[in-house]
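J.: predicted model, plus sequence, below.
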Amino acid sequence: MIMDHDGSLDDLLSLLLLSRYRSVDLLGVAITPADCLIAPAVATTRRILDLTGREHVVAAAGTLTGPNPFPMAWRTDALRVAALPVLNRHTPLTTPTPDSSLPAHQQLADWLRAADRPVTILATGPLTNLAWCLEHHTTLIDAIEELVFMGGAFDVPGNVDEPGHDGSAEWNVYWDPAGAAKVFDSPIPITVFPLDVTNTAPVTDAFVRSFGTHYGNPVSDLAGSLLALSFGTLESTGIEYCCWDSLTTSYLAQPDLFSFDEVRCDIVTTGPSQGRTVACAAGRPVRRAVSADPAGFYQHCVQTLT
């Protein structure tokens, strides 16, 4: 498996979860400079990998950008996470792994070329790096078994509130609509977790405080801290903070938490609806999560991270 995330609180919680799945052979982690500042996001990724015994896994910093930047107020979360005491117990790190000197899109291509069996890609951020790979190395399609993608919105409003936009898009698609469309136009099998499902797992007070009873365990301390840092999002942005990415990640260990259907869809790339995922008969088929078990997800997180 390869993970491509974009450094938000929930992306980092997803990496923490993924790192605890011992059945997962994690080949590398790419970081897209979307919902983050790239330097602290890469540093935090490195420390999470080391904390969870994945010190051999290489991280790669992204350099490609999308046309619709995330609000700067959202992108600073990784700065605060990088300063958490639980991630700074050892300075310098005792077993540092040199991170890739290649930009993430080129490193992603190298990981796929070197894989000795088909790879699952978990994308909890925009699809820009993968789109570049498909454009410049078309044979890499055969190296990908499945794309698991947190993105899109079908029958619920999007979470984009920007001037000139109609609010129908989800941010991971909106950041780079053309890149997402390129991936969706490919024959790669895609399992998508849209806002329709991921909005059903909000960060609740009870969920966050459940990690407090395990205080002193570095992994659970970090999980609880990441979740606690999301408090105030509703009050400051009008958007309830949900476990969008981490719920998607849990599918890799507990697929029975979800039900799915198949839908044909397309992505709008221009105009006031750019970034919108639209169900249409002429679109490509994707496997779509249509329901989840939030209580089972919360329990899974606590059990996995404590």
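T.: Alright, I've got the coordinates.

J.: please count neighbours and contacts with C-alpha atoms only from this point.
T.: Fine.

J.: from the middle of its chain, how far away would stretch 282-302 be?
T.: Distance of stretch 282-302 from the chain centroid (Cα atoms, centre = their mean, to the nearest Å) equals 14 Å.

J.: what about the stretch 101-250 of the chain, any weak spots by pLDDT?
T.: Within the stretch 101-250 of the chain, not a single segment meets pLDDT under 70.

J.: what ranges do the strands span in it?
T.: Ranges of strands in the stretch 101-250 of the chain, per DSSP state E, counting those that start in this stretch, are 119-123, 144-150, 190-193.

J.: show me what the shortest one is packed up against.
T.: What that stands for is strand 190-193. Here strand 190-193 touches strand 144-150, strand 284-292, going by 3 or more Cα pairs under 8 Å, 6 or more residues apart in numbering; DSSP states H and E.

J.: list the strands paired with the longest one, with their directions.
T.: This points to strand 284-292. strand 190-193 (parallel), strand 258-267 (antiparallel) (DSSP bridges).

J.: who's in contact with the last one?
T.: The one in question is strand 258-267. In this structure, residues lying in contact with strand 258-267 by Cα atoms under 8 Å, 6 or more residues apart in numbering are 177, 180-181, 184, 251, 274-293.

J.: run through who's touching the helix or strand that comes right after that strand.
T.: Next in sequence after strand 258-267, counting helices and strands by DSSP states H and E, comes strand 277-279. For strand 277-279, contacts defined as Cα under 8 Å, 6+ apart pick out Gly152, Ala153, Phe154, Ala169, Val263, Arg264, Cys265, Asp266, Ile267, Val268.

J.: would you write a ChimeraX line that selects the buried entries of those?
T.: For the buried members of the contacts of strand 277-279, the matching ChimeraX selection, counting by 16 or more other Cα atoms under 10 Å, is:
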select :152,153,154,169,263,265,266,267,268
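
J.: export the contacts of strand 277-279 as CSV, with columns for distance to Tyr241.
T.: Formatted as CSV, the contacts of strand 277-279 follow (distance: Cα to Cα, whole Å):
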residue, distance to Tyr241
Gly152, 16
Ala153, 16
Phe154, 19
Ala169, 17
Val263, 27
Arg264, 28
Cys265, 26
Asp266, 26
Ile267, 24
Val268, 25
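
J.: which one of the contacts of strand 277-279 is nearest to His56?
T.: Set against His56, the nearest of the contacts of strand 277-279 by Cα to Cα is Gly152 (32.7 Å).

J.: what sits against the closest one?
T.: Counting by Cα under 8 Å, 6+ apart, Gly152 touches 158, 169-173, 192-195, 275-277.

J.: same thing but 7 Å
T.: Residues near Gly152 by Cα atoms under 7 Å, 6 or more residues apart in numbering: Ala169, Glu170, Val173, Pro194, Leu195, Arg276, Thr277.

J.: next, find the distance separating the spatially most central residue of the chain from Asp293.
T.: Residue closest to the average C-alpha location in the chain (Cα atoms, centre = their mean): Thr124, at 1.7 Å. In this view, Thr124 and Asp293 are 19 Å apart by Cα to Cα, to the nearest Å.

J.: same question, Pro40
T.: Counting by Cα to Cα - Pro40 and Asp293 are separated by 33 Å.

J.: for Gln303, same thing?
T.: Gln303 is 15 Å from Asp293, by Cα to Cα.

J.: go on, Ile121?
T.: Here the criterion is Cα to Cα. By it, Ile121 lies 23 Å from Asp293.
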